[in-house]
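>>> model this:
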Amino acid sequence: IEKVKTDYINESIILNDKDKNILYTWLNPLFNNKKFYLKLLYRRGNDMSVETFHKKCDNKGQTILICKSKEEKFGGYTNINWESPNNFRNVYKDGPFIFSISKNKKYDYSNKSKHSVQINKDHGPDFYWDLDFNVQNQMKVCYCSTKKYGYSYSEEAIIGDGSFKQIEVDEIKVFEFKIINQ
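Residues are numbered from 1 along each chain as shown. This is a model prediction of the structure:
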């Protein structure tokens, strides 16, 4: 992909060039190999509130979440808008996936329960328990689990050992996709 001045992923401290190449092999087919760039919407700084995540990321269309926890790099892509309803809403749509850059693996949605993402004003990005920021209204830790515990994407752990537990996250970035008009 061509470098674009507004392509903030090129400035990412989370991803090196090899990581970006892995990511783009999963993303390019989503856009029929049209040129696009990733515009930074949210970067967790001192304000780790879910409210800040929603102010910056709601209703932006397709987004990608990239996280780093100790030595692991992982995240999720969705074509569903993040929103802030008062009540939990489970949303199903073909296309979302979670991934481990560290393992070079993409995990497509696989559960027939019709829950690709869960949205709520008190949750950050929530790929229905497989990758879920819902801990005490902060973007500091996430839950990660696997299908063997009854969830949606993978029988294999994307990070950690696959037990349902909180994982402290060092870096979080959320990007929106922008198609380059040619």
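>>> and Tyr107, that's in a strand?
Yes. Tyr107 sits within a strand when classified using DSSP: H, G, I helix; E, B strand; the rest coil.
>>> OK, contacts around Asp132?
Gln118, His123, Pro125, Asp126, Cys142, Tyr143, Cys144 (C-beta atoms under 8 Å, 6 or more residues apart in numbering). In this view, the C-beta of every residue, glycine as well, is placed from N, C-alpha and C.
>>> quick one: secondary structure of His54?
helix.
>>> ok, for it, nearest residue in space, not its chain neighbours?
Nearest residue to His54 in three dimensions, chain neighbours excluded: Ser84, at 4.6 Å (C-beta to C-beta, 6 or more residues apart in numbering).
>>> run a quick neighbour tally on that neighbour.
Neighbours of Ser84 under the rule other C-beta atoms under 10 Å: 17.
>>> got it, and Asn81?
15.
>>> now do the helices in this protein.
Under the criterion DSSP state H, the chain contains helices at 17-27, 50-57.
>>> bridging residues for Cys144?
Leu131, Lys165 (DSSP bridges).
>>> quick check: pLDDT value at it.
Looking at Cys144, its pLDDT stands at 76.
>>> that one reaches Tyr128, doesn't it?
No. Assessed by C-beta atoms under 8 Å, Cys144 is found out of contact with Tyr128, at 11.7 Å.
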